[in-house]
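*Asks:* build me a model from this:
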Amino acid sequence: MALHQSGEDYLEAILVLKERKGSVRSIDVAQYLGFSKPSISRAVAILRSGGYITMEQDGRLELTQAGELVAREIYERHQLLTDWLIRLGVSPETAAEDACKIEHHISPETFRCLKEHAEKSR
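*Replies:* Numbering: from 1, shown residues only. All right, here's what the predicted structure looks like:
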């Protein structure tokens, strides 16, 4: 199942929230992303059927191996792009917003080259 940008955003949010809080529920994702609970419930159902997340009996969301792989990839892109834009002089708020837009559309080749350049210039 191919993920859309929104699915990638949900997985990234689950990863970030899990690292911050230790456990994640749908309501946490709704609050973090600013979406309604019904929107999150629909997304959770799609991500579960795609094999990206599981829901425990107590309502906790867990990333599967496939879900964590996607989430970590998107989060790495987000962090690197945000940092890169800030270094260019973009405000942190705008850099984070723009990185979120770019992270879903940048090719693997371009991201790899940006990452290599960023690592060399540190």
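
*Asks:* now do the helices in the protein.
*Replies:* 5-21, 26-33, 37-49, 65-87, 92-102, 108-120 (DSSP state H).

*Asks:* columns mean pLDDT, mean neighbour count and distance to residue 56 on top of those helices, output as a markdown table?
*Replies:* Any C-beta I mention is one placed from the backbone N, CA and C, and that applies to glycine too. What follows is the helices of the chain, written out as a markdown table (pLDDT from 0 to 100; neighbours: other Cβ atoms under 10 Å; distance: least, Cβ to Cβ, whole Å):
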| stretch | mean pLDDT | mean neighbour count | distance to residue 56 |
| --- | --- | --- | --- |
| helix 5-21 | 94 | 19 | 12 |
| helix 26-33 | 94 | 18 | 12 |
| helix 37-49 | 92 | 16 | 12 |
| helix 65-87 | 95 | 17 | 14 |
| helix 92-102 | 94 | 15 | 28 |
| helix 108-120 | 90 | 11 | 33 |
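
*Asks:* CSV for the ones you listed, including distance to residue 58?
*Replies:* Shown next, in CSV, are the helices of the chain (distance: least, Cβ to Cβ, whole Å):
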stretch, distance to residue 58
helix 5-21, 14
helix 26-33, 12
helix 37-49, 14
helix 65-87, 19
helix 92-102, 30
helix 108-120, 37
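
*Asks:* for residue 59, find the nearest of these.
*Replies:* Taking Cβ to Cβ, helix 26-33 is the member of the helices of the chain nearest to residue 59, at 7.0 Å.

*Asks:* quick check: angle from that closest one to helix 37-49?
*Replies:* 110 degrees (axes from the mean of the first three to the mean of the last three Cα atoms, to 10 degrees).
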